[in-house]
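> Mind looking at a prediction? Sequence and model below.
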Amino acid sequence: MSEPVTTPPGPLTEESEGPPSGLEYLNTVDQLILSQKVDIAETFIGFESANKYTVKNGAGQHVFWGVEESGALMRNCCSYLRAFTLRVMDSGKREVFQLRRPLRCQGCWFPCWLQQLEVTAGDRLLGSVLQDWSLLRPSFRVCSPDGSTAMLIRGPAVRWGGCCGSDFEILSADGSEEVGFITKTWAGLAKEVFTDTDRYGICFPEDLGADMKAVLMGAAFLIDFMFFESSMCRSDCGCCMIC
């Protein structure tokens, strides 16, 4: 079992009070692996439990943990559309940043109530992920705190349930260059068929700022909830993925 990576906090002064140290660790990595933890009760009873994630670096070391906060009624009535707060913590269980997704319904043919997610550290907005309406494939904007578009994310036109890997391209702001990707990887037959446990790889430029890497992590979590939060493999057309 790999040892967790610990990022020692800097000295806490009156001026430096705020979000816990740990976000700066993202400056040193160009890839991360997000894994959703299996819940036995969810597997056999069908009760939707709060999601929990581990985040590892390319060497397989644990660097972050993610814990969803949402109500049981919200999880089991709204399923993958549910509102949630997801807290991302370092190896010392100190919150590094958090993701907030409001409840927004989805419809197959109307560009309304598109999904969105905010990423914050303490009281500071790091950025947001906004779904764009698209007829053929999932499309998102990754935005800076001022609302300007920093990157785009474009998904596959067709996804065959949770049984196949799906690549989401991370593109430059003008869409002309691929700068990274988010990919769902095979987690094993039992996990894929009987649970909604998923594993994702994120690859981004090493020189990308830590704040924006945290926002891309948020995008991966949002993609998990939107397209793979289902306990059964099912065939979805492109339009049902993006509305």
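That came through fine. Numbers count the residues shown, from 1 in each chain.
> neighbours around residue 128, how many?
22 (other C-beta atoms under 10 Å). In this view, the C-beta of every residue, glycine as well, is placed from N, C-alpha and C.
> let's have the chain start at 660 instead
In the new numbering, first residue 660, that becomes residue 787.
> Remind me which helix or strand it belongs to.
Using DSSP states H and E, residue 787 falls within strand 783-791.
> Could you pull out the buried residues of that strand?
784-790 (16 or more other C-beta atoms under 10 Å).
> which among the residues you listed gets closest to residue 688?
Relative to residue 688, the closest of the buried residues of strand 783-791 is residue 785; by C-beta to C-beta it sits at 16.2 Å.
> Would you agree residue 812 is in contact with residue 802?
No: contact between residue 812 and residue 802 fails when scored by C-beta atoms under 8 Å: they sit 11.3 Å apart.
> Pull up the overlap in contacts between the two.
residue 788 (C-beta atoms under 8 Å, 6 or more residues apart in numbering).
> In the chain, where is pLDDT below threshold?
660-680, 697-707, 729-740, 764-771, 817-824, 845-857, 888-902 (pLDDT under 70).
> mind listing the helices for it?
699-704, 731-737, 848-853, 869-886, 897-901 (DSSP state H).
> Direction included, what does the strand holding residue 787 pair up with?
strand 775-780 (antiparallel), strand 798-802 (antiparallel) (DSSP bridges).
> Can you report how many residues lie near the closest residue to residue 711 other than its chain neighbours?
Distances taken as C-beta to C-beta, 6 or more residues apart in numbering put residue 696 closest to residue 711, at 4.5 Å, once the chain neighbours are dropped. Residue 696 sits with 14 neighbouring residues when counted by other C-beta under 10 Å.
> Also residue 712?
Neighbours of residue 712 (other C-beta under 10 Å): 23.
> is it in a bridge, and if so with what?
residue 695, residue 725.
> before we move on, what about residue 758?
residue 745, residue 778.
> Report the contact partners of it.
743-745, 747, 776-778, 877, 880-881.
> run the last query once more with 7 Å
By C-beta atoms under 7 Å, 6 or more residues apart in numbering, the contact set of residue 758 is 744-745, 776, 778, 877, 880.
> If you rank those residues by neighbours, which is first?
Going by other C-beta under 10 Å, residue 778 tops the contacts of residue 758 with 29 neighbours.
> give me the number of residues near the nearest residue to residue 724 once chain neighbours are set aside?
Closest residue to residue 724 apart from its sequence neighbours, by C-beta to C-beta, 6+ apart: residue 748 at 5.0 Å. Neighbourhood size, residue 748 [other C-beta under 10 Å]: 18.
> do the same with the one 3 residues further on
The number of residues packed near residue 751 is 14, by other C-beta under 10 Å.
> before we move on, the earlier item: how about the residue nearest to residue 724, what does it touch?
Here residue 748 is in contact with 723-724, 754-755 (C-beta under 7 Å, 6+ apart).
> gap between it and residue 813?
Noted for residue 748: a distance of 30 Å to residue 813, by C-beta to C-beta, to the nearest Å.
> and what of residue 780?
Distance from residue 780 to residue 813, by C-beta to C-beta: 27 Å.
> One more: residue 836?
Taking C-beta to C-beta, one finds residue 836 at 12 Å from residue 813.
> Now for these two: what residues contact both?
residue 830.
> Who has more neighbours out of the two?
Remark: of residue 836 and residue 813, residue 813 carries more neighbours, 20 against 9, as counted by other C-beta under 10 Å.
> Find me whatever residue is spatially closest to the more buried one, sequence neighbours aside.
residue 828 is the one closest to residue 813 (C-beta to C-beta, 6+ apart), at 4.9 Å.
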